[in-house]
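Undergrad: Need the 3D shape of this:
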Amino acid sequence: MTGSAPGHPHAPTEAVHHLDGGDLGCARLLILLRDHAAKLDPGTLVHLTTSDPVAPIDLPAWCRLTGHSYLGPVPTPGTPTYGIRVTGRPVPTRGHQPWHPATGQDRS
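TA: Below is the predicted model of the structure:
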């Protein structure tokens, strides 16, 4: 997927990595995003599609925690889609608790 809607914070011809989160809930959605982001180059733009009703709350908070950039909703028809810019140095999170930073005492 490429392109941009007016006012969305990325270049109109920038390549986009699309990730379909389907109907995954909070923790599973963030684990999916974390694991995919770890495989992408820094600066990659991800469009995450999800029907999770709390994604507009969870995604910005998780991005602040990890250092990724939350770019907000992407105006597309159908299932809501959100923009995230991948950082090169994300804060690691716990295995099955992606809303907690990992520590040396991480017990997942």
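Undergrad: Give me the nearest residue to Leu30, chain neighbours excluded.
TA: Pro98 (3.9 Å; Cβ to Cβ, 6 or more residues apart in numbering). For every residue, glycine as well, the C-beta is placed using N, CA and C.
Undergrad: How about Ala102?
TA: Pro92 (4.1 Å).
Undergrad: Same question for Asp23.
TA: Ser51 (4.9 Å).
Undergrad: can you tell me how far the one you found sits from Gly88?
TA: 30 Å (Cβ to Cβ, to the nearest Å).
Undergrad: of these two, who's got more company?
TA: For Ser51 versus Gly88, neighbours defined as other Cβ atoms under 10 Å are more numerous around Ser51 (13 against 10).
Undergrad: Report the separation between Ile31 and Gly88.
TA: Taken as Cβ to Cβ, the span from Ile31 to Gly88 is 20 Å.
Undergrad: roughly how far out does stretch 52-71 sit from the chain middle?
TA: Chain-centre distance of stretch 52-71: 7 Å, with Cα atoms, centre = their mean, to the nearest Å.
Undergrad: swap in stretch 32-49?
TA: 6 Å.
Undergrad: what sits up against it?
TA: The contact list for stretch 32-49, computed with Cβ atoms under 8 Å, 6 or more residues apart in numbering, reads 1, 10, 14-22, 24, 29, 55, 59, 62, 66, 68, 71, 74, 76, 78-90, 93, 98.
Undergrad: can you give me the end-to-end distance of that stretch?
TA: End-to-end distance of stretch 32-49: 12 Å, with Cα to Cα, to the nearest Å as the criterion.
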